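1. sequence unavailable; structure follows:
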């Protein structure tokens, strides 16, 4: 697979909630940054992602690969979902968000995914107002300071 195909396969497995397949496509030193206040390592990011899928069973990432240059694959993402399960953000030191039954939809964010030797090493989301975790919580009517 070329780098675009690797990223698309990863996105497809991730969208389907197949986190073990996604895990196998990441390097041990993988890092994610952008939608959350601080960069996350592989395990923290996968845990947060699984927690999001639990809280939003209909979670849509709306991934789109738009190009590649060397090791970097450019893409976009726009998250949406309905909050029907408890959202556990304790691994981000943000507590638990009780079910609100509200919908959310973020703005489209540009991403850069770095692929080396057939695995994803870095997933960076460019800062975009209205496309981060705080925007999701705001649409749910939750302020991070209100979490326990």
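-> Sure, I can see it. What you see is a predicted model, and the numbers here were worked out from it, not measured in a lab.
2. what about the strands in this protein?
-> 26-33, 40-41, 64-69, 72-77, 80-82, 87-88, 96-97, 103-105, 109-116, 119-125 (DSSP state E).
3. tabulate these (a markdown table), appending distance to residue 134, mean pLDDT and mean neighbour count.
-> For the C-beta atoms, the positions are set from N, CA and C on the backbone; glycine is no exception. Shown next, in a markdown table, are those (distance: least, CB to CB, whole Å; pLDDT from 0 to 100; neighbours: other CB atoms under 10 Å):
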| stretch | distance to residue 134 | mean pLDDT | mean neighbour count |
| --- | --- | --- | --- |
| strand 26-33 | 15 | 96 | 16 |
| strand 40-41 | 15 | 92 | 17 |
| strand 64-69 | 23 | 95 | 13 |
| strand 72-77 | 16 | 96 | 20 |
| strand 80-82 | 16 | 97 | 17 |
| strand 87-88 | 13 | 94 | 21 |
| strand 96-97 | 12 | 92 | 18 |
| strand 103-105 | 12 | 97 | 15 |
| strand 109-116 | 13 | 96 | 20 |
| strand 119-125 | 13 | 96 | 19 |
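4. same list (these) but as a markdown table, adding distance to residue 58.
-> Output for the strands of the chain, formatted as a markdown table (distance: least, CB to CB, whole Å):
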| stretch | distance to residue 58 |
| --- | --- |
| strand 26-33 | 22 |
| strand 40-41 | 23 |
| strand 64-69 | 19 |
| strand 72-77 | 16 |
| strand 80-82 | 5 |
| strand 87-88 | 14 |
| strand 96-97 | 16 |
| strand 103-105 | 9 |
| strand 109-116 | 19 |
| strand 119-125 | 21 |
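5. not counting sequence-adjacent ones, nearest residue to the residue nearest the centre of the chain?
-> In the chain, the C-alpha nearest the mean C-alpha coordinate belongs to residue 49, at 6.0 Å (CA atoms, centre = their mean). What sits nearest to residue 49 in space, not counting adjacent residues and going by CB to CB, 6 or more residues apart in numbering, is residue 19, at 6.6 Å.
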